[in-house]
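Enquirer: Just a sequence and a predicted model for now, questions to come.
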Amino acid sequence: MGTVNLGPNFIFLHNLVIDTLMAIPIIGPLVFVLALVMTGFILGVYVAFTINSPIALVLALVVTMFFPHGIIELMAYAFSTTGSLTLTSKVVKSIRGAGSVTRNDFIMLLTYYAISVLLLYVAANVEYLEIVKLSSVIRGLVG
Amino acid sequence: MVINIKRVVLLYIIELLMLVVLSIIGFYVGPLFISQTAINELRSELMGTVNLGPNFIFLHSAFHNRVLCRSPVHKPNRN
């Protein structure tokens, strides 16, 4: 993948694609689960092959989930998926004849999505700063 | 129309739990399904990312502009 394109904008655009897919009603929640499965599972396999220590797995999880960029990024995905889930439930209800999807529901989805995009942009810049500042540490860990 | 922060926080907690459970599954079961080669590719990609510097970008761009753009296969179409 184009390493030369890497930068906060590259990180942001990469995450934005995933975030946008998550915000789409009906398929969004599935994308959310798939993205988490890929991230969590691959992280576990990677640690098993490279360091093969449960302590390293705990450290990797802490970095992924509780570093500043991780907190903001996961929160952004939570926002877009919440919007998507809410509209999905409205759509299901309207199909069953128990309600209808209104203009306000779409505005609600867009509001959730806008907040998530804003958070993702902040997360991308924080992640880029972390990569730049901690590049020597990452190099040492990756091997 | 109200933003439901409770739902967002609930989903965030679900995210964290899923990441923990799936990484544990990946750690113990994953090597049976995924080859070492795939992980090595991932590692080299990671290394490439952290080794990035201005010289690398300059050399890549110079190579692209001076070599690839003049090759009949890669050069941009200027019709």
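Expert: Received it, and whenever you're ready, just let me know what you need.
Enquirer: can we go C-alpha only for contacts and neighbour counts from here?
Expert: OK.
Enquirer: avg pLDDT for stretch A:13-29?
Expert: Stretch A:13-29 carries an average pLDDT of 92.
Enquirer: actually stretch A:37-47, not the one I wrote
Expert: In the prediction, stretch A:37-47 has an average pLDDT of 90.
Enquirer: residues in contact with that stretch?
Expert: Stretch A:37-47 has contacts (C-alpha atoms under 8 Å, 6 or more residues apart in numbering or on different chains) with A:53, A:56-57, A:60, B:18-31, B:34, B:39.
Enquirer: Which of those residues fall within strands?
Expert: Among these, no residue falls in strands (DSSP state E).
Enquirer: Now, of the residues you listed, which are buried?
Expert: Neighbour counting over the contacts of stretch A:37-47 (16 or more other C-alpha atoms under 10 Å in any protein chain shown) leaves A:56-57, A:60, B:18-20, B:22-27, B:30-31, B:39 as the buried ones.
Enquirer: Which two among these are spaced furthest apart?
Expert: Spanning the widest gap among those are B:Met18 and B:Ile39, at 21.5 Å by C-alpha to C-alpha.
Enquirer: Which strand or helix spans residue 42?
Expert: You didn't pick a chain, so chain A it is. Using DSSP states H and E, A:Ile42 sits within helix A:28-50.
Enquirer: The intended chain is chain B.
Expert: helix B:36-50.
Enquirer: ditto for A:Asn9
Expert: Short version, using DSSP H and E: A:Asn9 is in helix A:8-23.
Enquirer: For that helix, buried residues please.
Expert: Using 16+ other C-alpha under 10 Å as the test for burial, helix A:8-23 gives A:Pro8, A:Phe10, A:Ile11, A:Phe12, A:Leu13, A:Asn15, A:Leu16, A:Asp19, A:Thr20, A:Leu21, A:Met22, A:Ala23.
Enquirer: residues contacting the first one?
Expert: A:Pro8 makes contact with A:Ala124, A:Asn125, A:Glu127, A:Tyr128, according to C-alpha under 8 Å, 6+ apart.
Enquirer: A:Leu120 too?
Expert: A:Leu120 touches A:Phe12, A:Asn15, A:Leu16, A:Ile72, A:Glu73, A:Ala76, counting by C-alpha under 8 Å, 6+ apart.
Enquirer: Would you point out the most distant pair within those residues?
Expert: Greatest spatial distance in those: A:Leu16 and A:Ile72, 13.4 Å, computed using C-alpha to C-alpha.
Enquirer: Going by distance to A:Val137, which of the buried ones among the contacts of stretch A:37-47 wins?
Expert: Of all those, A:Ala60 has the smallest distance to A:Val137: 12.9 Å, by C-alpha to C-alpha.
Enquirer: Next one, pLDDT for residue 34 please.
Expert: Using chain A here. At A:Leu34, the model reports a pLDDT of 93.
Enquirer: not quite, I wanted chain B
Expert: For B:Ile34, the pLDDT comes out at 82.
Enquirer: can you check B:Glu41 too?
Expert: 79.
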